[in-house]
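Enquirer: Okay, here's the prediction I keep looking at, along with the sequence it came from:
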Amino acid sequence: PLAPAVKNFTLNFTITNLQFTADLQNPNSRRFKSTEKVMYHYLDPLLHKSSIGPHFTGCKVTGFRCLTFSPRSGRHRDDTKVDAVCSYKDSASLARFDREKLYQELSTMTNNVTKLGHYSLDRSSLYVDG
């Protein structure tokens, strides 16, 4: 039998209580690595609990970006935008990847996109495969 194909999807969200600093742009910096570790610590369990859980294989943070101006709130702050690529095994038991459903699940699990562990999220910032 053929091994299930691994498919990727992107996950993006903005953390409003993580001050963006230049070292977050450097994947080799200590701050990037430690923040990345915390992201996995919070994201992995959520995705394992979601509808793609049994097929979920992991996320890779592809970068942190500075969001100095939030158009939604009209405020200037150094929020940190998180970009990640997550993957899952595409198998027959997974009907199809439903990004709307996953978005809803993640939204619910993050308290309507407001909390991820000790981080506060910008509730208009979650994108699944957006």
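Expert: It's in.
Enquirer: Quick one: the strands in the protein, in order.
Expert: Taking DSSP state E as the criterion, the chain contains strands spanning 5-15, 56-70, 75-90, 115-116, 119-120, 127-128.
Enquirer: and the last one, which strands flank it?
Expert: Meaning strand 127-128. Paired strands of strand 127-128, with direction, are strand 5-15 (antiparallel) (DSSP bridges).
Enquirer: try the fourth one
Expert: In the sheet containing strand 115-116, the strands it pairs with under DSSP bridges are strand 119-120 (antiparallel).
Enquirer: show me the contacts for residue 58.
Expert: Under the criterion of C-beta atoms under 8 Å, 6 or more residues apart in numbering, the contact list for residue 58 reads 40, 44, 86-87. From N, CA and C alone the C-beta is placed, and that goes for glycine too.
Enquirer: Show the pLDDT at residue 75.
Expert: Residue 75 is assigned a pLDDT of 60 by the prediction.
Enquirer: returning to what we had before: PyMOL command for the buried members of the contacts of residue 58?
Expert: The PyMOL selection below is limited to those of the contacts of residue 58 classed as buried (16 or more other C-beta atoms under 10 Å):
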select buried, resi 86+87
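Enquirer: Nearest to residue 4 among the contacts of residue 58?
Expert: Proximity of the contacts of residue 58 to residue 4 was ranked by C-beta to C-beta; the top entry is residue 87 with 11.1 Å.
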